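Enquirer: model this:
(one chain, ligands or ions: 1)
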Amino acid sequence: MKKIDKTVLITGGCGFIGSHLVRLFVTKYPTYKIVNLDAMTYAGNQDNLNDVEKEENYVYVHGSICDKHLVDKLFKMYDFDYVIHMAAESHVDRSMTNPTVFVDTNVMGTINLLNFVRKYWAEGNKERRFFNMITDEIFGSLSIDDPPFDENTPIDPHSPYSTSKAAQYLFGKTYFESYGLPIISLCCGNAIGGYQYLEKLVPLTIDRLINKQEIPIYGEGKQMRDWTNVHDICNAIDILVHDGSVGEMYCIGGDACITNIDLVKMIIREYCVLTNNKVVEYEKLIKFIVDPRGKSHDFRYDLNHDKITNELGWMPKYTVKESVHETVEWYLENTEWCEALKKRDNSYDNWVMSHYGAKLKEKK
Ligand code: TYD
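Expert: Numbers count the residues shown, from 1 in each chain. A predicted model of the protein is given here:
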């Protein structure tokens, strides 16, 4: 057993980005004890961490960030050096049908963690950090000609999800200003990579290609998103937790702002190359549907990462094409992961039925 010199709480470590981060920290820092607190909601998946669950510097705790008694117990027990707060409800479309759960988790859950940070970190000379994972969606929407968002862009969220994340960010900032807590925030754009729950655009598209099912595109697919590889995101978090300045927000992006339809076509091309299929056949699966987000659908997200690049040397290492290649390959190699997720409970099928319903034919 190696000597432990830091203890780290990662919340939401069984989710998409959270699981990549747990893996990075458990393997890169054998002298850190990584405590993963995850409520295992529909988007959490213990299969995401099969490869690290037996590592001696890893502990999994099943529970909610809203549970005062549990969070208190963990802070007392582990005397955390770093809290990396990744747990969140993160799907815009779900937030439009059930906003309250977004306030419960993203706002009340964050405040609960911050209150224990305040209680336990008031004294002592340890160099502690609370990392607050935010999203570019708090800035609202850009038009085609606007410069990308940066750390000085005014906050202007448009969905229950982004409003809850804006509140999460502001509470972190307030706890820094009011109580001097060592908070660092990161705003990042859309993440791409393996282990993402199937209902988001990229895994949904790949899974439906594998099953030869229609691929739903909202409206005409002209909205634009800045795609960042999940490994680049975890690398930024690693840098910020160790070297970021407290009280600061940082933005990262993948320099990869493209329309949804171009992204989906890129995924289809990559899928066909990897599976030796004809692109024209698979492009026929694209189905334009009435936009469920209506007028509130943000047109463009794009981020300027100059601050973190100039101050801390972070740069995205993956182009969007490389990310698409890696991600399509991952889902093709992990069809069992996808099928296990669908079989685990009915939450994915229920979501597809309730959200897309008759808009999609299920089998071609
Ligand atoms: P999503 O992955 O849900 O992320 P976000 O809304 O946070 O950007 O969606 C990415 C984009 O893809 C967004 O503009 C909505 C669009 N989209 C579709 O066109 N079809 C779909 O089935 C989904 C889930 C999303």
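Enquirer: all helices of the stretch 201-350 of the chain, in order?
Expert: Secondary structure of the stretch 201-350 of the chain (DSSP state H, counting those that start in this stretch): helices at 201-210, 230-243, 260-275, 279-283, 306-312, 320-333, 335-344, 347-356.
Enquirer: among those, which is nearest E151?
Expert: helix 306-312 (5.7 Å; Cβ to Cβ). (Glycine included, C-beta is placed from N, CA and C.)
Enquirer: re the thing from before, of all the helices of the stretch 201-350 of the chain, which one comes closest to the ligand?
Expert: Closest to the ligand of those is helix 201-210 (Cβ to the nearest ligand atom; 3.6 Å).
Enquirer: let's see the closest one as PDB, backbone CA atoms only.
Expert: C-alpha atoms of helix 201-210 as PDB (Å, rounded to 0.1, in the frame of the first residue of the first chain):
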ATOM      1  CA  LEU A 201     -26.500  13.400 -29.800                       C
ATOM      2  CA  VAL A 202     -23.100  11.600 -30.400                       C
ATOM      3  CA  PRO A 203     -23.800   8.200 -28.800                       C
ATOM      4  CA  LEU A 204     -27.400   8.300 -29.900                       C
ATOM      5  CA  THR A 205     -26.300   8.700 -33.500                       C
ATOM      6  CA  ILE A 206     -23.700   5.900 -33.300                       C
ATOM      7  CA  ASP A 207     -26.000   3.500 -31.500                       C
ATOM      8  CA  ARG A 208     -28.700   4.100 -34.000                       C
ATOM      9  CA  LEU A 209     -26.200   3.600 -36.900                       C
ATOM     10  CA  ILE A 210     -25.200   0.300 -35.400                       C
END
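Enquirer: give me the contact status of that helix with the ligand.
Expert: Yes: Helix 201-210 lies within reach of the ligand by Cβ under 6 Å from any ligand atom, at 201, 204.
Enquirer: let me see the mean pLDDT of that helix.
Expert: Average pLDDT, helix 201-210: 98.
Enquirer: can you pull the pLDDT of R344?
Expert: 89.
Enquirer: burial measure for it, as a count.
Expert: By the criterion of other Cβ atoms under 10 Å, R344 has 13 neighbours.
Enquirer: tell me how many other residues crowd the closest residue to L303 other than its chain neighbours.
Expert: Closest residue in space to L303, ignoring its immediate chain neighbours: G253 at 3.2 Å, by Cβ to Cβ, 6 or more residues apart in numbering. By other Cβ under 10 Å, 26 other residues sit near G253.
Enquirer: likewise the one 4 residues further on?
Expert: C257 sits with 19 neighbouring residues when counted by other Cβ under 10 Å.
Enquirer: which residues does it contact?
Expert: 148, 224-227, 300-302 (Cβ atoms under 8 Å, 6 or more residues apart in numbering).
Enquirer: how about K265?
Expert: Contacts of K265 by Cβ under 8 Å, 6+ apart are 283, 286.
Enquirer: before we move on, back to that, please identify the deepest-packed of the helices of the stretch 201-350 of the chain.
Expert: Mean neighbour count, computed with mean count of other Cβ atoms under 10 Å, is highest for helix 201-210 among the helices of the stretch 201-350 of the chain, reaching a mean of 22.
Enquirer: by contact count, what packs against that one?
Expert: strand 215-218, helix 260-275, helix 320-333, helix 335-344 (3 or more Cβ pairs under 8 Å, 6 or more residues apart in numbering; DSSP states H and E).
Enquirer: how about the residues of the stretch 201-350 of the chain by the ligand?
Expert: Looking at the ligand, the residues of the stretch 201-350 of the chain close enough under Cβ under 6 Å from any ligand atom are 201, 204, 216-218, 221, 223, 225, 260.
Enquirer: what pLDDT, on average, does stretch 89-101 get?
Expert: 93.
Enquirer: so for M133, which of the helices of the stretch 201-350 of the chain sits nearest?
Expert: Set against M133 and scored by Cβ to Cβ, the helices of the stretch 201-350 of the chain come closest in helix 230-243, at 7.6 Å.
Enquirer: helices or strands up against the closest one?
Expert: In terms of contacts (3+ Cβ pairs under 8 Å, 6+ apart), helix 230-243 is packed against helix 16-28, strand 82-85, strand 129-135, strand 183-188, strand 190-192, strand 249-252, helix 306-312.
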